[in-house]
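>>> need a 3D model of the following:
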Amino acid sequence: MKKIILILSVLTAARLHASDSVMNKIFEPIVPNRVADKFIPAYHQNIQGLLGYRLNVNLEKRLLQIDSAILLSGFRKRPGSQTWIGEHVGKFLFSASRTYKYSHDSHIKQLLDAMVKEYIVCQLPDGYLGTYLPKDYWTDWDVWAHKYAILGLLNYYSVTGDKAALETAKKCGDLLCRTFGDEAGKRDIITAGHHAGMAPGSVLEPMVDLYRYTADKKYLQFCEYIVRAYEHPNGPKIISGLEKYGEVTKVGNAKAYEMMSCFVGILKYYKLTGNEKYLNALQTAWSDIRLHRMYITGTSSFHEYFVDDDQLMAENESNMGEGCVTTTWIQFNLQLLQITGEQKYADELERSVYNHLLAAENPQTGCVSYYTALQGKKPYKCDQGYSCCLSSVPRGISLIPDMIWGKINNDFSVLMYETGEVTDSILAKDLSYISLHIKSTTNFPVDGKVDYVITPSRTRKFALNFRVPGWSQNFIAKINGASFRGTAGQFLKIERTWKAGDKVSITFEMPLQVIPGGLSYPDRIAFKRGPQVLAVDHALNADVKSISNLQFSNDHAVAVDAKEKLPLTWAWKQAYAVQLRDNNQSMNVLLVPFAEAGQTGDEVEVWIDAPKRFNK
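Below is the predicted model:
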């Protein structure tokens with residue numbers, strides 16, 4: 001019998017309960033994709049370390065603090081008090097279902113069950129599950145709200161098998177199919193929402209999922225209609241625009257969140273149909289965003305839009321790095337990683353997760369920032385039913401378990417380096433299936449040393465892949481006296497006969513990098529160590545009168561461990577002393593990861609003044 005590891009999650013032992021020893025069944029779609037995923041995330045896992053701690057913050061301090069009465073208020077008494085209040089229940093169900101999937105926490109399950117029970121009651125007999133009065137149907141954010149309703153209900157169904165949730169999602173889908181289409185008497189979906197039709201058009205994603213869960217062809221036909229509608233004269237021209245121009249700024253009205261929401265749906269549609277033009281167009285979009293519109297912390301958008309090449313201003317007034325954009329960029333990369341198995345998408349996931357995603361949720365309070373500037377205070381808020389990003393950022397964090405390890409073309413692959421345990425089934429070289437259990441121990445990202453214990457259920461020959469980050473130096477894996485050197489930006493593949501108890505010791509260097517400020521900050525630099533962008537937090541540097549006046553003037557940057565200087569109340573003990581100048585006087589300034597900076601409400605500075613020579 002295959003060994004099954006307890007799905008421990010990141011929760012403390014006191015939160016675990018007896019039923020955690022029983023593997024929860026996952027209810028998968030019944031329609032297979034034509035294009036099979038090359039990367040399949042591991043399911044049975046225990047995540048600790050930095051990411052485990054942040055997963056726990058997301059659960060304990062955000063998701064479990066949700067007041068269902070606030071989220072359901074717009075459904076119980078229509079119209080809702082805010083135009084897009086209808087999206088938040090579905091977003092919560094998405095986050096909470098995925099969190100329950102890997103944590104098996106009984107408290108989040110109870111909150112989920114209660115929320116879904118009340119949510120289903122709010123659906124009208126015709127399937128309507130929005131928050132408007134009939135006179136205003138399909139004129140604002142109705143389709144958008146139904147998108148998140150279906151996504152949330154299907155995610156809940158996937159971890160519970162609750163047929164009532166599936167039926168509610170189907171009724172939403174049926175209503176959309178009856179309302180929109182090319183046929184006489186039906187509405188044009190492009191005119192049923194905002195941003196050149198990209199907001200309502202993003203319902204493609206859940207409609208693909210609904211088809212795959214039900215095999216009802218009317219949902220597939222509706223997906224085909226949406227893809228056609230993108231190219232209508234009044235449509236956003238997503239595919240044709242990318243094919244013609246290769247730039248996301250020339251698609252629709254360049255609204256980043258809504259556009260990438262469509263991208264995620266198009267990629268799911270590609271997997272269902274196998275039409276390569278969809279994948280090719282979105283890989284073009286990915287390259288354009290990655291090369292010209294990404295901040296060093298792994299987010300995009302200026303006042304919520306894609307803007308001109310390399311215009312990446314990062315102050316609070318720039319409204320940069322919308323939390324919804326960060327999360328949807330992560331979803332976009334995760335889909336591309338699953339489709340292609342290519343490391344570059346894992347690189348982007350790491351950059352976004354370790355920086356801008358985690359920066360948008362306060363580790364002390366669980367409050368979330370809508371925009372998360374690199375310069376200034378992080379404007380954390382704790383409201384629940386009014387700001388889209390306060391529901392989106394927890395969704396992004398709930399996706400972290402899909403990014404750490406899994407199989408690429410059946411070779412078990414390590415994508416991120418965290419302490420934890422994982423169990424998966426793999427195909428050995430003799431074509432026999434075996435169970436593989438891996439335990440990792442590390443202080444990453446504090447240092448670059450990771451130890452693994454490899455335990456296959458039987459001694460067999462198979463390969464393990466270890467992602468070698470582009471920022472790493474001298475990446476070496478040692479196994480029983482043999483050394484294997486990795487190449488930055490590639491997977492290190494180690495194929496051998498593995499037996500229970502084999503140990504792999506991986507080491508790599510994480511020197512402090514000096515990043516030039518580019519066109520937006522030509523006279524400034526930023527510091528980066530490993531995947532983490534560092535920041536000056538004024539609360540940790542009381543001797544500095546104004547952190548915006550600090551200057552870096554050394555050719556050689558050195559970061560000295562200084563975590564002992566952090567306050568006892570500071571979440572996640574990681575800090576570095578770096579030599580800077582304040583009013584022409586050299587001094588050691590305390591820097592922390594941008595993801596942790598600003599947690600006490602003070603000013604933060606990523607871009608630091610520097611001589612122009614660093615940016616020439």
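>>> where does the stretch 401-550 of the chain have low pLDDT?
For the stretch 401-550 of the chain, no stretch is flagged by pLDDT under 70.
>>> so where do the strands sit in it?
Defined through DSSP state E, counting those that start in this stretch, the strands belonging to the stretch 401-550 of the chain, from first to last, are 405-408, 411-414, 420-427, 433-442, 449-456, 460-467, 473-479, 482-485, 491-498, 502-509, 512-516, 524-529, 532-537.
>>> now the third one and strand 460-467, what's the angle there?
Inter-element angle recorded for strand 420-427 and strand 460-467: 130 degrees (by axes from the mean of the first three to the mean of the last three CA atoms, to 10 degrees).
>>> quick one: buried residues of strand 420-427?
When burial is assessed from 16 or more other CB atoms under 10 Å, strand 420-427 yields the following buried residues: 420, 421, 422, 423, 424, 425, 426. The way it works is simple: take the backbone N, C-alpha and C, and place the C-beta from them, glycine included.
>>> what strands line up against that strand, and which way round?
According to DSSP bridges, the neighbouring strands of strand 420-427, each with its direction, are strand 44-47 (antiparallel), strand 433-442 (antiparallel).
>>> what residues does stretch 331-339 touch?
Residues from elsewhere that reach stretch 331-339 (CB atoms under 8 Å, 6 or more residues apart in numbering): 35, 37-41, 260, 263-264, 267-268, 270-271, 279, 282-283, 286, 342, 345-346, 348-349, 352, 396, 399, 402-403.
>>> chain center to that stretch, what's the gap?
Between the centre of stretch 331-339 and the centre of its host chain there is 10 Å, according to CA atoms, centre = their mean, to the nearest Å.
>>> go on, stretch 214-230?
Between the mean C-alpha point of stretch 214-230 and the mean C-alpha point of its chain there is a distance of 27 Å (CA atoms, centre = their mean).
>>> with stretch 338-350 instead?
Taking CA atoms, centre = their mean, one finds stretch 338-350 lying 12 Å from the centre of the chain it belongs to.
>>> buried sites along it?
By neighbour count on 16+ other CB under 10 Å, the buried set for stretch 338-350 is 338, 339, 340, 341, 343, 344, 345, 346, 347, 348, 349, 350.
>>> could I get the residues you listed as JSON lines with secondary structure?
Putting those into JSON lines (DSSP: H, G, I helix; E, B strand; the rest coil) gives the following:
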{"residue": "338", "secondary structure": "helix"}
{"residue": "339", "secondary structure": "helix"}
{"residue": "340", "secondary structure": "helix"}
{"residue": "341", "secondary structure": "coil"}
{"residue": "343", "secondary structure": "helix"}
{"residue": "344", "secondary structure": "helix"}
{"residue": "345", "secondary structure": "helix"}
{"residue": "346", "secondary structure": "helix"}
{"residue": "347", "secondary structure": "helix"}
{"residue": "348", "secondary structure": "helix"}
{"residue": "349", "secondary structure": "helix"}
{"residue": "350", "secondary structure": "helix"}
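>>> go through those and name the one nearest residue 197.
Distances from residue 197 to the buried residues of stretch 338-350, taken as CB to CB, are shortest for residue 339 (25.1 Å).
>>> could you measure from the closest one over to residue 606?
From residue 339 over to residue 606 the distance is 33 Å, taken as CB to CB, to the nearest Å.
>>> one step back: ok, so of the buried residues of stretch 338-350, who is nearest residue 460?
Of all the buried residues of stretch 338-350, the one sitting nearest residue 460 is residue 341; the distance, using CB to CB, is 22.0 Å.
>>> ok, the closest one to residue 291 distance?
21 Å.
>>> ok so, going back, deepest-packed of the strands paired with strand 420-427, please.
For the strands paired with strand 420-427, the largest average neighbour count (mean count of other CB atoms under 10 Å) is found in strand 44-47, namely a mean of 22.
>>> residue contacts, residue 532?
When contacts are taken as CB under 8 Å, 6+ apart, residue 532 is in contact with 354, 355, 445, 593, 594, 595.
>>> if you set the cut-off to 10 Å instead, what comes out?
50, 297, 350-351, 354-355, 358, 445-446, 471, 510, 574, 576, 591-596 (CB atoms under 10 Å, 6 or more residues apart in numbering).
>>> look up the closest residue to it, ignoring the ones flanking it.
In space, residue 532 comes closest to residue 593 once its chain neighbours are excluded; the distance is 4.4 Å by CB to CB, 6 or more residues apart in numbering.
>>> what about that neighbour, how many residues nearby?
By other CB atoms under 10 Å, 24 other residues sit near residue 593.
>>> ok, it touching residue 355?
Yes - Residue 593 lies in contact with residue 355 (CB atoms under 10 Å); the separation is 7.8 Å.
>>> mutual contacts of those two, please.
Shared contacts of residue 593 and residue 355 (CB under 10 Å, 6+ apart): 528, 531, 532, 533, 534, 535.
>>> just flag the most distant two among those.
Comparing every pair within those by CB to CB identifies 531 and 535 as the most remote, at 14.2 Å.
>>> of those two, who's got more company?
Remark: of residue 531 and residue 535, residue 535 carries more neighbours, 28 against 24, as counted by other CB under 10 Å.
>>> so what pairs up with that one in the strands?
Under the criterion used here (DSSP bridges), residue 535 is bridged to residue 592.
>>> quick one: the helices in the stretch 51-200 of the chain?
Read by DSSP state H, counting those that start in this stretch, the stretch 51-200 of the chain holds these helices, from start to end of the chain: 68-76, 87-103, 106-121, 142-160, 163-179, 198-201.
>>> now render those helices as a markdown table, adding mean neighbour count.
Written out in a markdown table, the entries for the helices of the stretch 51-200 of the chain read as follows (neighbours: other CB atoms under 10 Å):
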| stretch | mean neighbour count |
| --- | --- |
| helix 68-76 | 19 |
| helix 87-103 | 26 |
| helix 106-121 | 17 |
| helix 142-160 | 26 |
| helix 163-179 | 20 |
| helix 198-201 | 28 |
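>>> could you dump the ones you listed into TSV and include distance to residue 301?
Supplementary listing: those in TSV, determined by distance: least, CB to CB, whole Å:
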stretch	distance to residue 301
helix 68-76	25
helix 87-103	18
helix 106-121	30
helix 142-160	18
helix 163-179	28
helix 198-201	14
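>>> how about TSV for the ones you listed, with distance to residue 216 and mean pLDDT added?
Conversion of those to TSV gives the following (distance: least, CB to CB, whole Å; pLDDT from 0 to 100):
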stretch	distance to residue 216	mean pLDDT
helix 68-76	25	95
helix 87-103	20	97
helix 106-121	19	98
helix 142-160	13	98
helix 163-179	8	98
helix 198-201	21	98
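>>> residue 304 is nearest to which of those?
The stretch from these with the least distance to residue 304 (CB to CB) is helix 198-201; that distance is 12.1 Å.
>>> ok, then the element right after the closest one?
helix 204-214 (DSSP states H and E).
>>> from the chain's centre, how far out does that next one sit?
Taking the mean of its C-alpha atoms, helix 204-214 sits 21 Å from the chain's own mean (CA atoms, centre = their mean).
>>> can you check stretch 175-187 too?
33 Å.
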